[in-house]
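S.K.: Test case, fold it:
(2 chains)
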2 protein chains.
Amino acid sequence: MALKRIGTQTVKLSNPPSMVSTASIVGPKEGDGPLKDYYDVILEDDLWGEESFEKAEAKIQEEAIKLAIQNADLSPNQIEYLFSGDLLNQITSSGYAARQLEIPYFGLYGACSTMTESLSLGAMIIDGGFADKVVCATSSHFSSAERQFRFPLEYGAQRPFSSQWTVTGAGAVVLSSTGNGPYITYVTTGRIQDYGITDANNMGAAMVPAAIDTITRHFKDTGYNPEDYDLIITGDLASIGKNVLLDLMRKEGYDLSNNYTDCGVEIFDNVRQDTHAGASGCGCAAVVLSAYIYEEMLKGNLNRVLLVATGALHSPISVLQNESIPGIAHGITIDNMIF
Amino acid sequence: MALKRIGTQTVKLSNPPSMVSTASIVGPKEGDGPLKDYYDVILEDDLWGEESFEKAEAKIQEEAIKLAIQNADLSPNQIEYLFSGDLLNQITSSGYAARQLEIPYFGLYGACSTMTESLSLGAMIIDGGFADKVVCATSSHFSSAERQFRFPLEYGAQRPFSSQWTVTGAGAVVLSSTGNGPYITYVTTGRIQDYGITDANNMGAAMVPAAIDTITRHFKDTGYNPEDYDLIITGDLASIGKNVLLDLMRKEGYDLSNNYTDCGVEIFDNVRQDTHAGASGCGCAAVVLSAYIYEEMLKGNLNRVLLVATGALHSPISVLQNESIPGIAHGITIDNMIF
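M.R.: Numbering: from 1, shown residues only, chains lettered A, B, ... in the order given. So this is what the prediction gives:
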């Protein structure tokens, strides 16, 4: 067993990569939400001059990546790898964004867990000595996701109260082998959990078992407890999943009531903004990390964060074929200090 | 710049991971092709007892992964990471296969380049000290791909002569930090190339620029020349792309006429089996590697191979929206000896 591994699913990075910059670009609805003061760019409309929602999403991701690179005073040719993904079929938002950037590219699919999947791989690739600088990015778009996963917007379909609102936005992080933090110190990689949920309008419930599996495994592997963290934040269980997770973690022996929340709960005002259970989408954890978490860590208001992005790995076809919805959750520890 | 990097897009692995086992499972048409004696399992029908092509593809990938693990005398709980992907929307074949295996899972999307994407990441993760054993796998299925990317089979649509036949099959490789080879010694990661091809029935042409970019970059980064390899093999340019590549590489100053072929050319007898330009699909490079290349390397008939799987990163939606087809190619060097 290699020395960097601890426990069964966690690695401890020996030279923790530094998050030297981030960027976040969001749509108008997100820009009207509780985290509005944290975003780099708030769009006035969600097409951003493009002729389709899909092209707009690719542009949002591309511009977020460029802005993160610029925020680090770097140029794209100084970035050795791009790790990115999104929700669209064949992850075309990421592919078309990467096409414009000429950075060696690894395309990922982890549904809404993709941001921590990309950071997990990016951090290990830097720590392993294969790169000095990488960019990790994801995006999602309410309108491209609705028509792909559910109904064309023009149908005016009514959304059940358990449904989540896909975030329009992209987040990007530049990781570097050198820098002053925040640092990625631990990576706990998820196994798929499937408790038989078949309701694609209740994805929070479908993803909770994966989040619980990864968080408890993280604690067991590292020896940490909930109180060792300033913030434990999943993405995107939203309000239903958040409460289920709190209950079930208590049964596992962990009380998360003091320092736990979910990206899908924080990004919208669910009552005023009519988002029902809360938010979802690859872009949700990406912009909450790139905007809110990153800024609060730089200010020192948060010093140690466990971010566990969660993904539902179904497709519209698999649901029609009576398959249940597998969930996955990837956790990373972000530290202001390295010990 | 970290020491493992050479040139601009290549890393040289310091403790090259060993391919300790492989497995290949193919459909009946592939099992009737020129490489039939190399496969582990040839299916009698492409549903394999499942009720949909999509479920069959997931089963094929799952069984290939299990067989590769078994061929290495290991059990799934000894595998630290699974890197896999496929062509289906939301890569559900890989997700549903991974669900059955309980191995920490990284989902990838690189279209038909996914096999070398997974091997690139798996090899670096082992070489970096983050794992001792990983599995890299991909699958594709003619019938699930046709109805997703082109037309339902029931339409009986006529295929143009430039079209490629998606391989029904899955390949899986167990990489280990210890073993007697063949070893993955170099990883050259591709940048997206897009020369404006918009014909989704001529994907070989769309992917050629990416293959040329990665192969020439590999030679420049490593200092190797074509004659340093027993075999240089792309996947899946098929017959049209193969000839274009040979011509254009000559213009770049490299003569590949003695030792170059393409996975999509080798797997079918295009005339007898009526496959037009040749084969494609994530499963194509995966089974050619897991069956033919691996066995010929074990026999010593091949000692150094450059495998460059190529992917077309479009979607049916992006083509309808008048986007061109971006290509990517990831290269790995497989060596029987480490120097």
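S.K.: so A:Thr166 bridges to which residues?
M.R.: A:Ser280 (DSSP bridges).
S.K.: Surely it and A:Arg150 touch.
M.R.: No. In this structure, A:Thr166 is not within contact of A:Arg150 by CB atoms under 8 Å, at 9.3 Å. Quick note: C-beta positions are derived from backbone N, CA and C, even for glycine.
S.K.: Those two: who's more crowded?
M.R.: A count of neighbours by other CB atoms under 10 Å in any protein chain shown puts A:Thr166 above the other of A:Thr166 and A:Arg150, at 26 against 16.
S.K.: any idea how far A:Phe151 is from the more buried one?
M.R.: Applying CB to CB, to the nearest Å, the value for A:Thr166 to A:Phe151 is 13 Å.
S.K.: now swap in A:Met297 and tell me
M.R.: Using CB to CB, we find A:Met297 at a distance of 39 Å from A:Phe151.
S.K.: of these two, who's got more company?
M.R.: Using other CB under 10 Å, the more surrounded residue of A:Met297 and A:Phe151 is A:Met297, with 23 against 12.
S.K.: Confirm the more buried one sits in a helix?
M.R.: Yes. Assigned with DSSP: H, G, I helix; E, B strand; the rest coil, A:Met297 falls within a helix.
S.K.: Skip the chain neighbours and tell me the closest residue to it.
M.R.: A:Pro182 (4.6 Å; CB to CB, 6 or more residues apart in numbering or on different chains).
S.K.: ok, now A:Asp335?
M.R.: A:Thr185 (4.6 Å).
S.K.: Okay, domains of chain A per the record?
M.R.: The record's domain parsing of chain A by automatic domain parsing lists A:17-176, A:183-335.
S.K.: Dump those into JSON lines; add distance to B:Gly327 and mean pLDDT as well.
M.R.: As requested, the domains of chain A are arranged in JSON lines below (distance: least, CB to CB, whole Å; pLDDT from 0 to 100):
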{"stretch": "domain A:17-176", "distance to B:Gly327": "9", "mean pLDDT": "97"}
{"stretch": "domain A:183-335", "distance to B:Gly327": "24", "mean pLDDT": "96"}
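S.K.: could those be laid out in a markdown table, adding distance to B:Thr10?
M.R.: Listed next are the domains of chain A as a markdown table, based on distance: least, CB to CB, whole Å:
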| stretch | distance to B:Thr10 |
| --- | --- |
| domain A:17-176 | 10 |
| domain A:183-335 | 25 |
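S.K.: looking at these, which is closest to B:Ile192?
M.R.: Closest of these to B:Ile192 is domain A:17-176, at 4.4 Å (criterion: CB to CB).
S.K.: What's the end-to-end length of that closest one?
M.R.: 5 Å (CA to CA, to the nearest Å).
S.K.: Kindly report the same for stretch A:164-178.
M.R.: So stretch A:164-178: terminal residues 38 Å apart, CA to CA.
S.K.: Report the separation between A:Ile6 and B:Gln193.
M.R.: 41 Å.
S.K.: Equivalent analysis for A:Ile60, please.
M.R.: From A:Ile60 over to B:Gln193 (counting by CB to CB), the distance is 23 Å.
S.K.: Between those two, tell me which one has more neighbours.
M.R.: A:Ile60 (28 against 21).
S.K.: Contacts only, for A:Ile233.
M.R.: Listed by CB atoms under 8 Å, 6 or more residues apart in numbering or on different chains, the contact set of A:Ile233 reads A:260-263, A:266, A:288, A:293, A:305-308.
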